[in-house]
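>>> fold the following, please.
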Amino acid sequence: MALIHRMTRLFQADVHAVLDRIEEPEQSLRQAIREMEAELDASEQQLRQRALEQQSLHARQAELNALLAETGQELDLCFQAHKDDLARGLVRKKLEAQGLLKRLRAMEAANTEWLREQQARVQENRSTLDGMRQKAEILSHRPLSERGAEAGESAWDIRDVAVSESDIEVAYLREQHLREQNARRPS
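Down below sits the predicted model:
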């Protein structure tokens, strides 16, 4: 049974390798960029919607604070006029407003935290998208002879850079001199 499973995995790997060579990496990269842009736009739209909700929560809290202040003044009048039955109704109204205000503050705090997390995530995704765009730009400007290169081959291979022994000696002496100067400096 294990042999069949291994053979199946090897066959699938070979099929995937063939498909990878058939597909054009530039096309795949451009499609990935389009998908990332669409996701980023949707995330930013959701952030704008939540920011509007946040403004609405602020406005509602301001209304409730004004209502509480007004209710406090009305309660003062009721107690001065010895209207206990009216005062009880206003106390109920005040308690309900305080409860709603407490709930709105909790919603605002949760919304603020969500906005902070999502903004960080959107910023991270934007950085990733910018990196993908740069890679696509580099890939689209490579000569045609390099575009068909194997996956993993790079146009910038470190073995193509020639460093002579004299370059190494000069760099070594420069590094040694820098370290000696740093060691002499008082801390």
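>>> show me where the protein has helices.
2-22, 25-80, 84-140, 144-147, 165-184 (DSSP state H).
>>> JSON lines for the ones you listed, including mean neighbour count and mean pLDDT?
(C-beta placed from N, C-alpha, C; glycine too.) Shown next, in JSON lines, are the helices of the chain (neighbours: other C-beta atoms under 10 Å; pLDDT from 0 to 100):
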{"stretch": "helix 2-22", "mean neighbour count": "10", "mean pLDDT": "66"}
{"stretch": "helix 25-80", "mean neighbour count": "13", "mean pLDDT": "91"}
{"stretch": "helix 84-140", "mean neighbour count": "13", "mean pLDDT": "90"}
{"stretch": "helix 144-147", "mean neighbour count": "9", "mean pLDDT": "47"}
{"stretch": "helix 165-184", "mean neighbour count": "9", "mean pLDDT": "86"}
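>>> how about the spatially most central residue of the chain: what's its closest non-neighbour residue?
With distances taken as C-alpha atoms, centre = their mean, the chain has residue 121 as the residue nearest its mean C-alpha position (1.4 Å). Computed as C-beta to C-beta, 6 or more residues apart in numbering, the closest residue to residue 121 that is not its neighbour in sequence is residue 43, at 7.3 Å.
>>> residue 87 too?
Residue nearest to residue 87 in three dimensions, not counting chain neighbours: residue 78, with 4.0 Å by C-beta to C-beta, 6+ apart.
>>> same question, residue 71
Distances taken as C-beta to C-beta, 6+ apart put residue 94 closest to residue 71, at 4.7 Å, once the chain neighbours are dropped.
>>> contacting residues for the one you found?
68, 71-72, 75 (C-beta atoms under 8 Å, 6 or more residues apart in numbering).
>>> try it again at 10 Å.
Under the criterion of C-beta atoms under 10 Å, 6 or more residues apart in numbering, the contact list for residue 94 reads 67-68, 70-72, 74-75.
>>> quick check, nearest of those to residue 136?
residue 67 (55.7 Å; C-beta to C-beta).
>>> setting aside sequence neighbours, what's the nearest residue to the closest one?
residue 97 (5.3 Å).
>>> contact partners for the one you found?
Residue 97 neighbours (C-beta under 10 Å, 6+ apart): 63-68, 70-71.
>>> isn't residue 43 up against residue 122?
Yes - in this structure, residue 43 is within contact of residue 122 by C-beta atoms under 10 Å, at 5.1 Å.
>>> could you measure from the residue nearest to residue 67 over to residue 81?
Remark: distance between residue 97 and residue 81 (C-beta to C-beta, to the nearest Å) = 22 Å.
>>> widest-spaced pair of the contacts of residue 97?
The farthest-apart pair in the contacts of residue 97, when distances are taken by C-beta to C-beta, is 63 and 71, at 12.3 Å.
>>> pull the distance from stretch 87-107 to the chain's centre.
On the basis of C-alpha atoms, centre = their mean, to the nearest Å, the separation between the geometric centre of stretch 87-107 and that of its chain is 37 Å.
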